[in-house]
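Asks: got a predicted model here, sequence first, then my questions.
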Amino acid sequence: MLCRRFILPLVIVALLAGSATASASTLVTRNPQSGVNLKVNRNGVAMMTVKVGGRWQHIFAWGAVNLSRGRLRLDFSGGQGGSGAKWQTFRNVCRPYRGPQFTGIEMVVAKCTAPNGSHWAVQQWKRSVRNYGGITGPTEVRISHWTGAVADLEVFSDWSRYGPSPGVKWPHLFGTYSWHGIPVAVGEATPQGVPLDDDGRNLYLDSLNADYGFPRGTFQWSRVNGFLANRPYGQFCFEIGPKGEVSRLAGISTLNRYRMTTSGPGVTPDVRVVFDGPPSPYDPYWELTMNEIQRQVVGDRNASCGNPAPPTF
């Protein structure tokens, strides 16, 4: 398909005692001081062993897979919660990972495939980073449990209708987020874009060697912004341009390279796509092609992101 050719995937808290529940690829802890060891027993309970805050923790997870309405339950007690397992006698039956490769697998620090064919994975990445040039944030440890393919994050790049001059336009991106053909989209959210339901997901956009500034002779990702995938198609669009009083800089990559990362729907893995921005210089005829792709991807000109403005000739 034409649209696929423009996607360039990368081939690349404190802990609480007792039990808790969580949805999405599930946040377990932050800022680990060791690698994560992952085991799964014959009852479908996963155990993560990791050092946090100078202490070794044995954290259990169980009770959900894929987009089931149930949530993964978490037990931080090491064996006194509701998992029915104890770390001292935990017997691993999980075998080497046999699941699909996916965009985001480079964030995986531990993974395996259980005897029933389901997959478990632990990923680490910095989700909470300041918009408009942030580079630091807590490293989150997140666990997922799924079968089959993971979510599909499609990203395309073109130009905005706006720019610093008539012949120079700001980069623009659009796309959709779905799982097995089901849109991943927010139902309710705050005015700041924080989802208020289990379906909503923020998409986090980073720029490589952005115009915010970066150390000379190095490669550095900077956070540009985070935004929601919307109903009804899981669609999104974003202009990489200055945001008025918030930021006079646009976040444009000096290498024309960007990435987008988001947490998985249900309890499936997080995904990440790395892609190029639009080619330079601005080409209105190429923009016409991308505008038509945008209408096809969203499928409804009345939906947000579904009716791009005509290019400037």
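Replies: Yes, it's here.
Asks: count the neighbours of residue 191 for me.
Replies: One way to gauge burial is a neighbour count; for residue 191, by other C-beta atoms under 10 Å, it gives 5. In this view, the C-beta of every residue, glycine as well, is placed from N, C-alpha and C.
Asks: center of the chain, which residue is that?
Replies: In the chain, the C-alpha closest to the average C-alpha coordinate belongs to residue 262, at a distance of 1.4 Å (C-alpha atoms, centre = their mean).
Asks: check the gap between that one and residue 270 for me.
Replies: For residue 262, the distance to residue 270 equals 7 Å [C-beta to C-beta, to the nearest Å].
Asks: same deal with residue 288?
Replies: Using C-beta to C-beta, one gets 34 Å for the distance from residue 288 to residue 270.
Asks: so what pLDDT did residue 7 get?
Replies: Residue 7 is assigned a predicted lDDT (pLDDT) of 35.
Asks: before we move on, what about residue 21?
Replies: At residue 21, pLDDT is 42.
Asks: circling back: the residue nearest to the centre of the chain: what's it in contact with?
Replies: 153, 177, 201-204, 229, 270-272 (C-beta atoms under 8 Å, 6 or more residues apart in numbering).
Asks: change it to 6 Å
Replies: When contacts are counted by C-beta atoms under 6 Å, 6 or more residues apart in numbering, residue 262 is found next to 201, 203.
Asks: again, but for residue 162
Replies: For residue 162, the contact set (C-beta under 6 Å, 6+ apart) comprises residue 170.
Asks: tell me which helix or strand it sits in.
Replies: Taking DSSP states H and E as the criterion, residue 162 maps to no regular element, lying outside all helices and strands.
Asks: low-confidence ranges in this protein?
Replies: For the chain, the stretches with pLDDT under 70 are 1-24, 69.
Asks: if we use 90, what do you get?
Replies: Counting by pLDDT under 90, the chain has low-confidence residues at 1-25, 68-71, 78-83, 165-167, 186-200, 243-247, 299, 301-302, 309-313.
Asks: walk me through the domains of this protein.
Replies: 3-9+150-298, 19-122 (automatic domain parsing).
Asks: re the thing from before, more neighbours: which of residue 288 and residue 270?
Replies: For residue 288 against residue 270, the residue with the higher neighbour count under other C-beta under 10 Å is residue 270, and the figures read 28 against 15.
Asks: neighbouring contacts of stretch 124-140?
Replies: For stretch 124-140, contacts defined as C-beta under 6 Å, 6+ apart pick out 27, 30-31, 107, 109, 141, 212, 222-223, 225, 247.
Asks: among the residues you listed, which one sits closest to residue 284?
Replies: Compare each of the contacts of stretch 124-140 with residue 284 using C-beta to C-beta and the shortest gap goes to residue 225, at 26.1 Å.
Asks: any figure for the gap between the residue nearest to that closest one when sequence neighbours are not counted and residue 238?
Replies: On the basis of C-beta to C-beta, 6 or more residues apart in numbering, the spatially nearest residue to residue 225 that is not a chain neighbour turns out to be residue 131, at 5.0 Å. Applying C-beta to C-beta, the value for residue 131 to residue 238 is 12 Å.
Asks: ok, residue 203 next?
Replies: Using C-beta to C-beta, we find residue 203 at a distance of 8 Å from residue 238.
Asks: shared neighbours, those two?
Replies: With C-beta under 6 Å, 6+ apart, residue 203 and residue 238 have common neighbours residue 227.
Asks: and those two? Which one has more around it.
Replies: Taking other C-beta under 10 Å, residue 203 and residue 238 do not tie; residue 203 has more neighbours (24 against 19).
Asks: element containing that one?
Replies: In this structure, residue 203 sits in strand 202-208 according to DSSP H and E.
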